[in-house]
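Asker: Structure for this input, please:
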Amino acid sequence: MGDGARMVVDFRTDPSRYKHWKLSFDGPVATLHMDVKEDGGLVPGYELKLNSYDLGVDIELYDAIQRLRFEHPEVGAVVLTSGKERIFCAGANIRMLSQSSHGWKVNFCKFTNETRSAIEDATASSRQVWLAAVNGPCAGGGYELALATDWIIMSDDGSTTVALPEVPLLAVLPGTGGLTRLVDKRRVRRDRADFFCTLEEGIKGQRAVEWRLVDEVVPRSRLAEATKARATELAGRTDRPAGARGITLAPLERRIEGDRVTYAHVTCVIDRERGVAEITVAAPATPPPADRAGIHAAGSGFWPLALVRELDDLILHLRANEEEIGLWVLRTTGAVDLVEAHDRTLQQHEADWLVREIRLYWKRTLKRLDVSSRSIFALIEPGSCFAGTLLELALAADRTFMLDGTREGDATKPATVRLTGMNFGPYSTVNGLTRLASRFLDEPGRVDDLKGRIGEDLDAAAAAEAGLVTFTPDDIDWADEVRIAIEERAAFSPDALTGMEASLRFGGPETLESKIFARLSAWQNWIFQRPNAVGPKGALKVYGTGERGDFDRRRV
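Answerer: Numbers count the residues shown, from 1 in each chain. Down below sits the predicted model:
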């Protein structure tokens with residue numbers, strides 16, 4: 001999408017509106033057919049030939065992943081395959097990439113990466129194993145899509161290959177974790193990976209198996225049969241309840257009125273002059289259901305699930321549609337006891353399949369907040385309810401301001417924060433640690449100490465002593481300190497802030513996921529802007545014209 005265009009991207013959809021995917025079910029096995037509509041691009045100017053994709057295709061894929069987890073507990077395995085003959089997927093559409101702004105490309109790749117990670121999380125955490133049935137050439141982002149699954153079975157027919165040809169053809173890199181998954185997930189030998197990633201035509205047949213690029217190859221005539229057998233075997237290992245009924249993810253209600261975005265539990269007000277999105281999250285109005293049956297009966301109306309769906313949508317909306325709003329300010333409001341009560345429910349019923357999915361959804365959405373290229377401040381004031389799950393929002397912030405005491409003339413009690421058991425395990429970041437563990441890398445014992453303070457209301461002094469907040473100004477200084485901090489942030493270079501935040505947020509150990517997102521920031525903000533890729537004679541610009549890219553040969 002070009003710099004001058006203005007379009008609001010809506011991430012809300014459902015299977016009745018899919019253009020590019022078809023879902024089918026056979027007992028414990030679901031099949032997701034990729035059948036991209038050539039004239040169904042999100043914006044004009046390109047055709048989605050050969051099952052190539054754009055953001056619109058991935059929005060539908062993300063929705064399908066969510067629905068398979070929540071609406072189909074009986075499904076233990078998902079087959080990802082092509083609905084077209086003799087083509088699996090050609091990857092991201094090159095025409096779309098060449099006509100898009102840099103920001104659009106980066107946002108597209110980030111969302112696509114998050115969607116691939118959601119497939120891996122479904123396999124690892126939801127016990128809903130994904131496998132890819134590659135029934136035709138599988139290149140670039142198409143192979144990266146297959147790499148996100150746990151098992152790749154490929155047609156051995158003389159023409160079906162897997163390939164990552166971005167370096168030789170486009171002068172860029174696989175943007176959705178391809179290189180990292182190749183060596184860190186599939187453990188492909190470095191020398192073989194080097195050859196593979198510079199080979200335009202890709203690798204097929206038994207060599208693909210020997211090099212660990214796929215898990216098995218079968219004759220085309222046996223692909224359907226072999227895929228069904230493998231999927232049935234993998235589905236048999238799940239702990240998902242075959243006889244359970246799923247819940248329906250009801251349409252997400254949202255109103256956009258001028259600079260105000262409103263959901264049932266989340267409100268966002270955009271201040272364009274300051275470049276700030278003021279986001280307020282509301283506590284539940286009622287206690288949680290008394291038992292597991294009550295949670296299932298509430299379905300998508302159960303407060304933790306309803307809220308996380310709204311937050312997820314808002315984050316995606318702001319990232320895609322409000323590029324110039326660089327600072328998100330987070331507040332909460334409501335009864336802290338009700339927030340804690342819902343957290344206890346999430347803990348007490350953690351073995352229930354639906355509660356597990358809700359907890360995992362929160363983990364993924366908080367990660368989405370972590371990797372968003374926006375500055376995040378949290379303001380903890382009288383009337384706030386930063387407890388447990390909602391405290392994670394403050395722990396995810398780059399800075400947290402907590403008002404010490406009360407405001408003059410206001411009878412509201414002083415602000416407090418409250419830890420719950422949900423702060424000590426379920427919501428790991430991309431580095432595999434909780435936000436508390438990431439916060440205290442040099443003081444691991446402090447996390448254990450904080451467990452002893454679960455349920456305690458910590459005022460500003462106690463929260464500061466515990467290391468949970470950054471600054472605690474009193475009423476006299478609050479307005480000026482917050483205003484100055486926001487104005488200073490707005491004055492800095494957004495590019496420098498993006499690099500700084502991405503570097504500071506993920507200390508500690510590396511994981512597959514942290515490597516992917518760290519490298520994504522570096523790759524996309526460097527290689528995707530270089531003339532060798534996007535200049536007038538860059539490989540991405542001249543691709544398909546018969547010309548070759550004119551490269552500046554200097555290594556920098």
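Asker: quick one, strands of the stretch 51-200 of the chain?
Answerer: Taking DSSP state E, counting those that start in this stretch as the criterion, the stretch 51-200 of the chain contains strands spanning 77-82, 129-134, 138-139, 151-155, 161-163.
Asker: now the ones you listed in a markdown table, with mean neighbour count, distance to residue 251 and mean pLDDT?
Answerer: C-beta here means a position set from N, CA and C on the backbone, and glycine is covered the same way. Output for the strands of the stretch 51-200 of the chain, formatted as a markdown table (neighbours: other CB atoms under 10 Å; distance: least, CB to CB, whole Å; pLDDT from 0 to 100):
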| stretch | mean neighbour count | distance to residue 251 | mean pLDDT |
| --- | --- | --- | --- |
| strand 77-82 | 26 | 23 | 98 |
| strand 129-134 | 26 | 26 | 98 |
| strand 138-139 | 29 | 34 | 97 |
| strand 151-155 | 25 | 34 | 98 |
| strand 161-163 | 23 | 38 | 97 |
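Asker: Now distance to residue 484 too, for those, in a markdown table please.
Answerer: Formatted as a markdown table, the strands of the stretch 51-200 of the chain follow (distance: least, CB to CB, whole Å):
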| stretch | distance to residue 484 |
| --- | --- |
| strand 77-82 | 50 |
| strand 129-134 | 48 |
| strand 138-139 | 51 |
| strand 151-155 | 53 |
| strand 161-163 | 53 |
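Asker: Relative to residue 514, which of these is closest?
Answerer: Nearest to residue 514 among the strands of the stretch 51-200 of the chain is strand 129-134 (21.3 Å), distances taken as CB to CB.
Asker: partners of the closest one, with directions?
Answerer: Sheet pairing for strand 129-134, assigned by DSSP bridges, gives strand 77-82 (parallel), strand 151-155 (parallel).
Asker: And the contacts of that strand?
Answerer: For strand 129-134, contacts defined as CB atoms under 8 Å, 6 or more residues apart in numbering pick out 76-81, 88, 119-120, 122-123, 145-146, 148-155, 160, 162, 214, 223-224, 227, 230-231, 234-235, 237-238.
Asker: Could you list every helix and strand in contact with the helix or strand containing residue 342?
Answerer: Assessed by DSSP states H and E, residue 342 sits inside helix 336-348. Using 3 or more CB pairs under 8 Å, 6 or more residues apart in numbering; DSSP states H and E, the elements in contact with helix 336-348 are helix 303-321, helix 353-370, strand 417-418.
Asker: Just the angle for the next helix or strand after the longest one relative to helix 353-370, thanks.
Answerer: The helix or strand immediately downstream of helix 303-321 is strand 327-333, counting by DSSP H and E. Orientation of strand 327-333 against helix 353-370 (axes from the mean of the first three to the mean of the last three CA atoms, to 10 degrees) gives an angle of 140 degrees.
Asker: Okay, helices next: where are they in the stretch 1-150 of the chain?
Answerer: Per DSSP state H, counting those that start in this stretch, the stretch 1-150 of the chain carries helices over the ranges 55-71, 94-99, 102-125, 141-147.
Asker: any chance of the ones you listed in JSON lines, with distance to residue 357 and mean neighbour count too?
Answerer: Shown next, in JSON lines, are the helices of the stretch 1-150 of the chain (distance: least, CB to CB, whole Å; neighbours: other CB atoms under 10 Å):
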{"stretch": "helix 55-71", "distance to residue 357": "5", "mean neighbour count": "22"}
{"stretch": "helix 94-99", "distance to residue 357": "32", "mean neighbour count": "20"}
{"stretch": "helix 102-125", "distance to residue 357": "9", "mean neighbour count": "21"}
{"stretch": "helix 141-147", "distance to residue 357": "22", "mean neighbour count": "27"}
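Asker: Which of those helices has the lowest mean pLDDT?
Answerer: Here the lowest mean pLDDT among the helices of the stretch 1-150 of the chain goes to helix 94-99, at a mean of 90.
Asker: what does that one rub up against?
Answerer: With CB under 8 Å, 6+ apart as the criterion, helix 94-99 contacts 1-2, 41, 43, 45-47, 52, 54, 105, 170, 534, 540-541, 543-544.
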